[in-house]
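*Asks:* A predicted structure for the sequence below; I have some questions about it.
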Amino acid sequence: MAEVIRTLILRREFWEINLSDRIKKIFKNLKEKNNKALISFSVAGFPDDQTSLEICKVLSDSGVHIHELNMPHAEAQADGPIIQLANIKSIKKGINLDKIFMIAEKLRLHNPNLGICLMGYLNNIFIYGIEKFAEKANKAGVDALICVDLPADVKEEKQIRDALKKVGISLIKLITPTTNENRIKEITMDAESFIYSVNLKGITGVKTVQVNEANQQIDRIKKYTNLPIVSGFGIKNPQDAKEIAKSNCDGVVVGSQIVKYIQENIDDKNLPQKVGSYVKTFVEVLK
Amino acid sequence: MTKNSLKNGPDEFGYYGEFGSRYAPEILMPNLIELEEAFNDAINDKKFLDEFNYYLKEWIGRPNPLYYAEQLTKKVGGAKIYFKSDHLNHLGAHKGNNALFQILLAKRMGKKKVLCETGAGAHLIATAAACAFKDLPCIGYMGRDDIFLQSTNVLKAKLFGAKVIECVDGTGEKGVLKDACTSVLKAWSSDPDAFYCCGSAIGPHPFPRIVQYAQSVIGKEIKEQILEKEGRLPDAICACIGGGSNLIGAIHEFLDDKEVKLYGVEPEHSAALTNGTVGIMQGFKSFMLQSETGDSTLATQSLASGINFYSAGPEHAYLKKIKRVNYTHVSDKEAFDAFQLVCKTEGILIAFEPAFAVGYGIKLAKEMGKDKLLVLNICGRGDKDIDTAERILGDKLE
């Protein structure tokens, strides 16, 4: 038992050292001001490479703290129709990881303080090569990776975690309403930077979150970790974001709604600026 | 469990060699673990297995004959050809074996709703029928193109009380088996308390193992029947493969009998094991027909909806890698010719899917010599395909 506790403590120290400095700083600063992080999301290469970069830049200017840049996958198991359609359109226009790293790099040059998190499915990374992915992501200034279909059971989880650790990138873990106490314990043990708490049983962009349920889950996770927790799925408007922010969470993710907004305004000449103004309405309520 | 046996199933993480496992979103992981535990518990429960075997006999109608296809054998002029007759099962295909097993398991687990995907509709009608007699609501996910091609199966499923949901890819342009698979996984994520009855030896662990277990009754019967008729094991077994459930069912019992050659026949334009590369999608690692970047599947095509799939089950990927099974492919035309030949020589209307096995089996039998024994797995009957056959033949059908 003592050995187990010691290992846990050691791991905890490990986090403190390895936690992506930028993301750590973001949550530390917010905590001091008693504010919550806004995490935005967009699909790389949608509606096209250049516009998707401009959208990211404008989002970072609008005051979001961390941006999730989605690496499109056509059979995305956890994504609803909104993100799925954007994924496929982007794939048809020829998005690939090299282009995504270019977008990330230009975004990093534009904003040195934004947390940049790549998000997607394992196969893109597996085919590209895990080591090469880690190296290129690091060069592009990426801070973290969320990989949806990468539970600890599969061999690549450790391979990816180790490869990312070498270059100081965090592997973000997801916890969902179906995750039981034991799994929460195991997942939080390996987690870095922050935990992504999935609010709903379901896919992205379909249901609306129930605040009580989101809160209950955040409290369940808090029992096992001091890492920041961001709450995502089902946040459809600034009011939802405000409600969720009242919980014990450390940040709120707005995903499908941004992609939906992009789809609805796709022909607008000032699309990036419009998206920026839209996301500002979320930023404002979290202040 | 015999050491080093190929029949032992996957390791504790669901791997067959490097293939398989469960590459699933966290939302589904607890369900998959629950299912694995429930499966392991059930197969050690004599009462449960007795119930399964009872319904296999009384409801599905097993064992079905290992039929000596004498006229086809004479016509081909090679090895002695046997048909394993899963087309004679209640519901007309091998899919009933698995659906029955999983629905009994769902009932044992106390599940209140069943979800399933389907290609040609055989798994859908089997699941719907099993749900009907076990009084469980059934929701089937089926590609839009397949619904068009297999309308009689859709009708049957509805008569059994199933709800059928039309699936398309993300752009809404096409809808085939792969789209049904992605849709059902999403539906299950939204409703994790439901039971997902997976129709082929694909998907995240433990599905490939469960489907293999349930379908292995085919091979066990083949072994018993051929020993009775011929006093020895066959020289070769050949079956078609899309996801791979009828093939794994026919050959699993023979995996350690090295003298028995095993063949899996894919459609030419969805030949994942012949032309695919290793990838990870829809919860498992296997050979896949995929884009260079791994972000999407390639479009596939086959006369037979039930085997029109961009990948194949992980156990097959492993059996290919260790060269225990020969995976090959034939064209739609070869399969359709075989379909007609079996109609004319044996008076049996086989489905388009096993017609791929027969198409290759004919070539194989010719090479094998008259003293050899070849078993072809006839995994379904062709009632569902007669409209398409009529469209293809047109005026030639006098």
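*Replies:* Good, I have the coordinates.

*Asks:* Enumerate the residues of the stretch 1-150 of chain B near chain A.
*Replies:* Proximity of the stretch 1-150 of chain B to chain A (C-beta under 8 Å from any C-beta of the partner chain) is limited to residues B:13-15, B:18, B:21-31. (Glycine included, C-beta is placed from N, CA and C.)

*Asks:* Secondary structure element for the closest residue to chain B within the stretch 101-250 of chain A, which one?
*Replies:* Closest to chain B within the stretch 101-250 of chain A is residue A:127: 3.1 Å, counting by C-beta to the nearest C-beta. Using DSSP states H and E, residue A:127 sits in helix A:122-128.

*Asks:* which secondary structure elements does that helix contact?
*Replies:* If you count contacts as 3 or more C-beta pairs under 8 Å, 6 or more residues apart in numbering or on different chains; DSSP states H and E, helix A:122-128 packs onto helix A:97-110, helix A:155-166, strand B:277-281.

*Asks:* Render the CA-only coordinates of the last one in CSV, please.
*Replies:* Only the C-alpha atoms of strand B:277-281 are listed here, as CSV (Å, rounded to 0.1, in the frame of the first residue of the first chain):
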residue,chain,number,x,y,z
THR,B,277,-3.2,-1.9,-45.5
VAL,B,278,-3.2,-2.1,-41.7
GLY,B,279,-5.4,0.5,-40.1
ILE,B,280,-7.6,1.3,-37.1
MET,B,281,-11.2,2.3,-37.6
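
*Asks:* Specify the angle between the very next helix or strand once past that strand and strand B:277-281 in degrees.
*Replies:* Later in the chain than strand B:277-281, the nearest helix or strand by DSSP H and E is strand B:284-288. Following axes from the mean of the first three to the mean of the last three C-alpha atoms, to 10 degrees, one obtains 140 degrees for the angle between strand B:284-288 and strand B:277-281.

*Asks:* which element follows strand B:284-288 toward the C-terminus?
*Replies:* helix B:314-321.

*Asks:* Could you pull out the buried residues of that next one?
*Replies:* Buried residues in helix B:314-321, counted by 16 or more other C-beta atoms under 10 Å in any protein chain shown: B:314-320.

*Asks:* Centroid-nearest residue for the chain?
*Replies:* No chain in the question, so chain A it is. residue A:68 (4.5 Å; C-alpha atoms, centre = their mean).

*Asks:* I was after chain B.
*Replies:* residue B:245 (3.0 Å).

*Asks:* For that one, which residues are in contact?
*Replies:* B:94-95, B:98, B:199-201, B:211-212, B:215, B:313 (C-beta atoms under 8 Å, 6 or more residues apart in numbering or on different chains).

*Asks:* For it, give its distance to residue B:73.
*Replies:* Distance, residue B:245 to residue B:73, using C-beta to C-beta, to the nearest Å: 27 Å.

*Asks:* Same question for residue A:279.
*Replies:* 71 Å.

*Asks:* More neighbours: these two, which one.
*Replies:* Between residue A:279 and residue B:73, residue A:279 has the larger neighbour count (other C-beta atoms under 10 Å in any protein chain shown), namely 25 against 19.

*Asks:* What's the separation between the spatially closest residue to that one that is not a sequence neighbour and residue A:276?
*Replies:* Leaving aside its sequence neighbours, residue A:279 sits nearest to residue A:62 (C-beta to C-beta, 6 or more residues apart in numbering or on different chains; 4.9 Å). Residue A:62 sits 4 Å away from residue A:276, going by C-beta to C-beta.

*Asks:* Okay, strands next: where are they in chain B?
*Replies:* All strands of chain B, identified by DSSP state E, fall at B:15-16, B:19-20, B:66-68, B:80-85, B:114-118, B:138-143, B:163-167, B:195-197, B:236-240, B:261-267, B:277-281, B:284-288, B:325-330, B:373-378.

*Asks:* Number of residues surrounding residue A:81?
*Replies:* Using other C-beta under 10 Å: residue A:81 sits among 16 other residues.

*Asks:* pull the CA atoms of stretch A:176-191 into CSV?
*Replies:* Below are the C-alpha coordinates for stretch A:176-191, written out as CSV (Å, rounded to 0.1, in the frame of the first residue of the first chain):
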residue,chain,number,x,y,z
THR,A,176,-17.7,10.2,-19.6
PRO,A,177,-20.9,9.6,-17.7
THR,A,178,-20.4,5.8,-18.2
THR,A,179,-16.9,5.8,-16.8
ASN,A,180,-17.1,4.1,-13.4
GLU,A,181,-15.1,5.0,-10.3
ASN,A,182,-12.4,2.4,-10.9
ARG,A,183,-11.8,3.7,-14.4
ILE,A,184,-11.8,7.3,-13.2
LYS,A,185,-9.1,6.3,-10.8
GLU,A,186,-7.0,4.7,-13.5
ILE,A,187,-7.5,7.4,-16.1
THR,A,188,-6.7,10.3,-13.7
MET,A,189,-3.5,8.5,-12.7
ASP,A,190,-2.1,8.8,-16.2
ALA,A,191,-3.7,12.1,-17.1
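
*Asks:* and it, anywhere near chain B?
*Replies:* Yes: judged by C-beta under 8 Å from any C-beta, stretch A:176-191 comes into contact with chain B through A:176-180, A:183, A:187.

*Asks:* Which of those residues fall within helices?
*Replies:* Using DSSP state H, A:183, A:187 are the members of these that sit in helices.

*Asks:* Quick check: bridge partners of the residue nearest to the centre of chain A?
*Replies:* On the basis of DSSP bridges, residue A:68 is bridged to residue A:41, residue A:117.

*Asks:* what's near enough to touch it?
*Replies:* Counting by C-beta under 8 Å, 6+ apart, the residues that residue A:68 touches are A:39-42, A:117-119, A:146, A:253, A:255.

*Asks:* that older thread, closest one to residue B:357 out of the buried residues of helix B:314-321, please.
*Replies:* The nearest member of the buried residues of helix B:314-321 to residue B:357, counting by C-beta to C-beta, is residue B:316 at 14.4 Å.

*Asks:* Spatially nearest residue to that closest one, not counting backbone neighbours?
*Replies:* residue B:244 (4.6 Å).

*Asks:* Please give me every residue in contact with the residue nearest to residue A:279.
*Replies:* By C-beta under 8 Å, 6+ apart, the contact set of residue A:62 is A:276-277, A:279-280, A:283.
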